[in-house]
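**Q** I'd like to go over a predicted model; first the sequence, then the structure.
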Amino acid sequence: MQNHTTNAAQTGAADLPPRNTPEPKKSWREAFRVYAEPASLRMFALGFSAGLPLLLVFGTLSFWLREAGVNRATIGFISWVTLAYAFKWCWAPLVDRLPIPVFTRMLGRRRSWLLLAQIGVVIGLVGMAFSDPKVSIHAIVWFALLVAFSSATQDIALDAFRIESGDKERQSALSATYQMGYRIAMIWAGAGVLWIAARAEVANPQNYDVNAWKVAYLVMAASMIVGFATVLFSKEPAPQPLTRPKNVFEWLQSALIDPFADFFRRYKWHAALILALIATYRISDIVMGIMANPFYVDMGYTKDEVASIAKVYGVIMTLVGAFVGGVLSIKIGMMRTLMLGAILSAASNLLFAWLTTRGHDVTALTVVISIDNLSSGIASTAFIAYMSSLTNISYSATQYALLSSMMLLLPKWIAGFSGVAVNAVGYPSFFIGTAMLGVPVLILIWIASRKLK
């Protein structure tokens, strides 16, 4: 998503956290030029492949389930299938080190895992398409788990692919283009799937039509061809030298223990501060996000309204946010951009509380989605660049998987109770509460910016 630490840290000789050193300031033209480089363009396409599955087992699925009559509490608990993303560090060492027969010889270590994971995503999406939650919830949950597991595996390999595709100076740009592709895919998997389902309905749009969702999810499965093509035509990053283990214990040492030991050895007690920040940075967005689509359904917004607003205004503002986040990270630094993103993300949740007072107001919905997506784009780009800068390139996949898993574990666990919370206190108080969850994040960023200089 390079030299992520110092040269000494890469060789294991340094025990101190990396320090910020003055770097020559770049012109605006030089800052923008990096976006046109081949590595950035590849990350745009692969970002699309990575972003597509998430909403299909997260936000969009919640819209489908709510329309099928599934209660909010159950929808919240079903969101726990996405905890696969939070536990991907468990099998990240395998993705980082284990070759896949035939595939690895043909494509290389990173691309072979990418392709295998993408195949798993397609199988899961097709299975979901042929399931009906109104008849049985179990089948769709199991296929959603397959999508989540395969998508998390794709993320592991892709994070390593991104980190190894450019030096530290280019990580913000690679992160930004990755986020652009990722966010476009999320809009396609959010707005696009709703638009397709609305077009495929043969009955009254207010009635539930499972065949409409079947068509929509099959189109989403076909959209993964973007990832297939990019993997097949991309260049494998220069492989990092691997020492062949003599036995299984030596393999466990090099693949599982060493990457984590390296992180804690380099950052010492500061590692606790870093992990606390990472574990809470996106908590406002993730906890609120589970109930966003059920909220739209309960407020009477149609699939067409949500789709058109997200597709037109949401895409524009998300792309602007990702682009601005990448440029700001280069110009003012990652920590300042992290702080700005955290403030905007928490504040945007208050707008959803305001939206509850507006009734069926399409203009107000447009404003809220636009600001929310702008905030998310800025925050995500800076956050990914920050986590990438913390990894040692020798263990890029495993260490980044640890960090990105920490980002998701607590928020997604809490998000599972979001439906229960809405049932208990209502949407306005729920949205205000999710905004307040962002306050401790601001304190952690302030401490981290002072302690990790």
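**A** Yep, that arrived.

**Q** so how far is residue 427 from residue 159?
**A** Taking C-beta to C-beta, to the nearest Å as the criterion, residue 159 is separated from residue 427 by 35 Å. Bear in mind the C-beta positions are built from the backbone N, C-alpha and C, glycine included.

**Q** give me the more crowded residue out of these two.
**A** Set side by side, residue 159 and residue 427 give different neighbour counts by other C-beta atoms under 10 Å, the larger being at residue 159 (29 against 18).

**Q** give me the below-cutoff pLDDT ranges for the protein.
**A** Along the chain, the parts satisfying pLDDT under 70 run over 1-38, 166-172, 203-206, 238-248, 251, 254-256, 310-311, 397, 451-453.

**Q** quick check: the spatially most central residue of it vs residue 304, distance?
**A** Per C-alpha atoms, centre = their mean, the C-alpha nearest to the average position across the chain is that of residue 51, at 6.7 Å. The span separating residue 51 from residue 304 equals 22 Å under the rule C-beta to C-beta.

**Q** so how far is stretch 214-221 from its chain's centroid?
**A** With C-alpha atoms, centre = their mean, to the nearest Å as the basis, the distance from the averaged C-alpha position of stretch 214-221 to the chain average is 21 Å.

**Q** which stretches of the stretch 251-400 of the chain form helices?
**A** In chain order, the stretch 251-400 of the chain shows helices spanning 258-267, 270-280, 283-289, 292-298, 303-309, 315-331, 334-355, 362-389, 396-415, with DSSP state H, counting those that start in this stretch as the criterion.

**Q** let me know which of the ones you listed is the nearest to residue 145.
**A** Nearest of these to residue 145, taken as C-beta to C-beta: helix 396-415 at 13.7 Å.

**Q** next secondary structure element downstream of the closest one?
**A** helix 418-425 (DSSP states H and E).

**Q** using CSV, write out every CA atom in stretch 322-337.
**A** Backbone C-alpha positions of stretch 322-337 (Å, rounded to 0.1, in the frame of the first residue of the first chain) are rendered in CSV as follows:
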residue,chain,number,x,y,z
ALA,A,322,-9.6,10.5,-1.2
PHE,A,323,-7.7,12.8,-3.5
VAL,A,324,-7.6,15.6,-1.0
GLY,A,325,-6.5,13.2,1.7
GLY,A,326,-3.6,12.0,-0.4
VAL,A,327,-2.4,15.5,-1.3
LEU,A,328,-2.8,16.8,2.3
SER,A,329,-0.8,13.8,3.6
ILE,A,330,2.1,14.9,1.4
LYS,A,331,1.8,18.6,2.1
ILE,A,332,0.9,18.8,5.8
GLY,A,333,1.8,15.4,7.0
MET,A,334,-0.1,12.2,7.9
MET,A,335,-0.8,13.0,11.5
ARG,A,336,-2.4,16.4,10.8
THR,A,337,-4.5,14.8,8.1
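
**Q** now it: buried residues?
**A** By neighbour count, with 16 or more other C-beta atoms under 10 Å as the criterion, the buried positions of stretch 322-337 are 322-330, 333-335, 337.
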